[in-house]
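Participant: quick one, what's the 3D model for this:
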Amino acid sequence: MSAQLEPSWRLHPMRAEHLPQVMSIERTAYDFPWTDGIFSDCLRVGYSAWVVTDPEDAVLAYAMMSMAAGEAHILNLCVAPSQRRRGLAQFLLKHLAMVARAAAVGLVLLEVRKSNAAGQALYTGFGFRPLGERRGYYPAHDGREDALVLGLEL
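Facilitator: The predicted structure follows:
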């Protein structure tokens, strides 16, 4: 799996016109998706938000990251289920790390569900290390699920 941008992929800052496609992926990928209002608010306040599209401008993947006080927080990183295992998530992680370094960020944080083994493997393979847990962080069908907090020092 390559973290290089395939010639047919295009990286863009996320804009409001991307949101219908982003929301379609979000609802397909997650049992408890973000709302369009959350995405709109993140764009409005200027979070670092990115989409990867194909040549027809179909969104394949997206990521959202906040940055402040020397830290970054990856809030959402999602690849359309039909596009997984092609290197898109690694490519977006590499791009987010580059953006964070350029903003003089020293630590990138994220949460991942304890049940999300694939996500944990992606992040730890990229260099993230466990920092702790957040009890009941995520909604779940049977109540709440704990999150692992991971960090990457830049």
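Participant: so what touches stretch 129-146?
Facilitator: Residues from elsewhere that reach stretch 129-146, judged by C-beta atoms under 8 Å, 6 or more residues apart in numbering: 31-32, 109, 111, 113-115, 124, 147-152. Backbone N, C-alpha and C define where each C-beta goes, glycine included.
Participant: which of those residues fall in strands?
Facilitator: The strands, defined by DSSP state E, take in 109, 111, 113, 147-152 from these.
Participant: let me know the closest of those to residue 60.
Facilitator: Ranked by distance to residue 60 (C-beta to C-beta), the ones in strands among the contacts of stretch 129-146 are led by residue 113 at 22.2 Å.
Participant: bridging residues for the closest one?
Facilitator: Note on residue 113: beta-bridge partners by DSSP bridges are residue 147.
Participant: measure it to residue 139 for me?
Facilitator: 10 Å (C-beta to C-beta, to the nearest Å).
Participant: picking that back up, in the ones in strands among the contacts of stretch 129-146, find the pair that's most separated.
Facilitator: 113 and 152 (18.1 Å).
Participant: the more surrounded of the two?
Facilitator: Each of residue 113 and residue 152 has its neighbours counted (other C-beta atoms under 10 Å); residue 152 has more, 23 against 15.
Participant: partner residues bridging the more buried one?
Facilitator: Assessed by DSSP bridges, residue 152 has beta-bridge partners residue 108.
Participant: need the pLDDT of it.
Facilitator: Model confidence at residue 152, given as pLDDT, is 98.
Participant: next up, the contacts around it.
Facilitator: With C-beta under 8 Å, 6+ apart, residue 152 has these contacts: 97, 107-108, 126-129.
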